[in-house]
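1. Provided below for reference: sequence and predicted model.
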Amino acid sequence: MEDGINIAPAPYSAPDAYYSPLAAKMSGIEILKGSSQFRFGPHTTGGAINYVTTPIDFGKRAFGSVSYGSYNDVSTHAYGNYGITGSFGAFAILGEAYWRDNDGFRDFNGPVDSKSYGSDDAGLHQFAPMVKMLWQLPSLPITFELKGNHVALDYNEGYAGLTTTDFNNDPYQRYVGSQLDSMNSNGYQYYAKMHVDFSANTQNTTTAYYNQFTRDWYKLDKVAGISMSKAVSKAYNGTADSVLKGELAGTLKYKSNNRAYYAYGLQNETNTKLNVYCAYIQLYMYIIRTVN
């Protein structure tokens, strides 16, 4: 989940949909075990994970960080929160952005076509902006919150492996025949929340949300009419591996695994304190539809 909302593209029908929230920009990660996990679905036997994004409040604060690592890995994270008060009540806006780029840990075994590929690295490029707005009414115990989040990823990798001999010689090389392999994905998350404090003991939060995730993994499928797994196997004695390495002219066939997922729903939560032992009743209503 992200901010208490189911974020997996298709958690019960396609758990291999290649998406998880970007942990590097989160303010916290909650691990829910035992009875606390039951309300999040039938497939949470081992527990549930909730990614908590940067919170918004009515104060003023800013944050920025830049890190550099191996393979020219550069990560930049920044956000700013600004709040004001007046006759309209209290209003705040939070803007956040995260960038990450690197060259990857593998190098091509020869030159690549710069016109079609653009560079000779096999790394990734990631960009994740987010905006939140918060408004507290001046005379009523009601607060509205809006969130818009986008996570874009270009990952220049595929399924192409190495022969045993080439792996033993250099496990970090990559064949030039796979230079067009790339996974492009875009995730969008939106929600609108209304929080009402009926009393010191009873609060209600109603959330309407919409999630969308699309991904296209464009990757090498066949070399000289031979499947990838066969071309790099020990038993194969043909010329497909030479085509894959760029040592011999031949045909490369790519395929596009293009998928889209949508989920939207209405979620209601009411918390009521019953006695001095701080027992709570939590009522949840979910109206969820997922489209693959």
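-> Good, I have the coordinates. Not measured: the values here are computed from a predicted model.

2. make it CA atoms for all contacts and neighbour counts henceforth
-> OK.

3. residue ranges of the strands in this structure, please?
-> Across the chain, reading from the start of the chain, the strands by DSSP state E fall at 28-32, 48-52, 61-69, 73-86, 89-102, 107-108, 124-136, 142-155, 173-174, 182-197, 202-223, 226-227, 252-273, 280-291.

4. lowest average pLDDT across those?
-> In terms of average pLDDT, strand 280-291 trails the rest of the strands of the chain, at a mean of 49.

5. and Tyr218, what does it touch?
-> Contact partners of Tyr218, counting by Cα atoms under 8 Å, 6 or more residues apart in numbering, are Gly158, Leu180, Asp181, Ser182, Met183, Tyr254, Lys255, Ser256, Asn257.

6. the strands of the chain into a markdown table, with extra columns for distance to Phe38?
-> Compiled in a markdown table, the strands of the chain are given as follows (distance: least, Cα to Cα, whole Å):
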| stretch | distance to Phe38 |
| --- | --- |
| strand 28-32 | 9 |
| strand 48-52 | 9 |
| strand 61-69 | 36 |
| strand 73-86 | 34 |
| strand 89-102 | 32 |
| strand 107-108 | 46 |
| strand 124-136 | 29 |
| strand 142-155 | 26 |
| strand 173-174 | 45 |
| strand 182-197 | 22 |
| strand 202-223 | 19 |
| strand 226-227 | 44 |
| strand 252-273 | 14 |
| strand 280-291 | 11 |
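
7. out of the contacts of Tyr218, which are buried?
-> When the contacts of Tyr218 are checked for burial by 16 or more other Cα atoms under 10 Å, the buried set is Gly158, Leu180, Asp181, Ser182, Met183.

8. need those in JSON lines (columns: distance to Lys273).
-> Converted to JSON lines, the buried ones among the contacts of Tyr218 look like this (distance: Cα to Cα, whole Å):
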{"residue": "Gly158", "distance to Lys273": "53"}
{"residue": "Leu180", "distance to Lys273": "58"}
{"residue": "Asp181", "distance to Lys273": "55"}
{"residue": "Ser182", "distance to Lys273": "52"}
{"residue": "Met183", "distance to Lys273": "48"}
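
9. so which of the strands of the chain comes closest to Thr163?
-> Distances from Thr163 to each of the strands of the chain were compared using Cα to Cα; the minimum, 10.6 Å, belongs to strand 173-174.

10. and the closest one, which strands flank it?
-> strand 107-108 (parallel) (DSSP bridges).
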